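> all I have is the shape, not the residue letters:
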């Protein structure tokens, strides 16, 4: 399978309200104004992954099918696949009872899907040894940093990853580095980058460096300070692009302070591996946030990195931003992910109940239009406004699927 038609996937998650907002960018209903950016929701990589699953279901009909783990970071989409008979080998939807866990019983009749985030080298080797039919939905944008990582290792550079320790994509990258006998360090943000930069400049010792970063931020073999002599930067594809650029600049400055400007060419590499769709969504969200809405609602899985970073775009613009998973989070209180702590909390009095209100929306790259449409509808209902019946108002409710 080399070409993938995502039309069926798009239609299965279509929503007329969201389509109107996508086309027009704004909708006024009574005293409510809804704003929507030009770019949001399902990206090309997600379309491709889900289309590959649907084509494989037809091609391998009747054979046992498994997802290695969540195909994308959206609980509803993963549940949809489980409802279609695809079982999960790892993650929250995996079978918990040991007698039902089939990882060691897989064989040539089984079909296993690799998620869009890629997979750890160890998992891939085990699947190949079992002789299963592998359908690899890894997004080509995720393959890009993998190729850059291998180039760094061949040239003798330690890989500095701007990412989140434990995120599927970063785990896959770290696994690739380990399998290639390379070295890596993961930094999550500018605060951690300052710690790493101080170590590069010789201002911190190894104990202070390790104590300042996540305990799993380093490759299993990491020699200090030798492995900081030459560093090359890549980004988890879903990180905040502006922060990735700032991290690259800070580490470049650290190398220059240590080795001089003439040493940069020998000791430093930086390569932008942020996904184009991630960048487009962040830029479009920023333009909407700059219109000074009263609040900014960002819809996507709580474990979705690109969705979390879209919420940061609203925060940066000084707009109250709420990262929610779906319509079930909207009520008298709003259940959302607190950006700094990552805790799921509830906030009361989040929506002004009188007077004109402007609400901006965006959605993560793994968020179906149907879920976003339900959120818009729920907020309209909270204010007692009725959407036009042909857009999923009271006369024509929009189903989640």
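Cool, got the structure. Not measured: the values here are computed from a predicted model.

> for the rest of this, base every contact and every neighbour count on C-alpha atoms.
Fine.

> quick one: classify residue 211 as helix, strand or coil.
Judged by DSSP: H, G, I helix; E, B strand; the rest coil, the three-state class of residue 211 is helix.

> what segments of this protein are helices?
Per DSSP state H, the chain has helices spanning 7-12, 16-24, 44-59, 75-83, 121-130, 140-154, 168-179, 190-200, 206-212, 241-259, 264-267, 276-289, 305-316, 369-382. These are given in chain order.

> closest to residue 347 out of those?
Closest of the helices of the chain to residue 347 is helix 369-382, at 14.7 Å (criterion: Cα to Cα).

> distance from the closest one to the middle of the chain?
Centre-to-centre, helix 369-382 and its host chain are 22 Å apart (Cα atoms, centre = their mean, to the nearest Å).

> can you give me the buried ones in it?
Applying a neighbour-count criterion of 16 or more other Cα atoms under 10 Å, the buried positions in helix 369-382 are 369, 370, 371, 372, 373, 374, 375, 376, 377, 378, 379, 380.

> give me the neighbour count for residue 297.
23 (other Cα atoms under 10 Å).

> any weak-confidence spans in the protein?
Low-confidence regions of the chain, defined here as pLDDT under 70, cover residues 1-4, 95-103, 389-401.

> can you list the domains in it?
7-43+277-391, 46-139, 141-274 (automatic domain parsing).

> picking up where we left off before, just name the most buried of the helices of the chain.
Between the helices of the chain, the one whose residues have the most neighbours on average, counting mean count of other Cα atoms under 10 Å, is helix 305-316 (a mean of 24).

> what angle separates that one from helix 241-259?
Between the direction of helix 305-316 and that of helix 241-259, the angle (axes from the mean of the first three to the mean of the last three Cα atoms, to 10 degrees) works out to 90 degrees.

> show me what helix 305-316 packs onto, helices and strands only.
For helix 305-316, the packing partners by 3 or more Cα pairs under 8 Å, 6 or more residues apart in numbering; DSSP states H and E come out as helix 276-289, strand 295-299, strand 321-324.

> out of the ones you listed, which comes closest to residue 259?
Distances from residue 259 to each of the helices and strands packed on helix 305-316 were compared by Cα to Cα, and the smallest falls on helix 276-289, at 32.3 Å.

> neighbouring contacts of the closest one?
The set of residues external to helix 276-289 that reach it, using Cα atoms under 8 Å, 6 or more residues apart in numbering, is 35-40, 43-44, 237-241, 296, 306, 309-310, 313-314, 317, 319, 360, 362, 365.

> wait, isn't residue 63 in contact with residue 111?
Yes - contact between residue 63 and residue 111 holds when scored by Cα atoms under 8 Å: they sit 6.9 Å apart.
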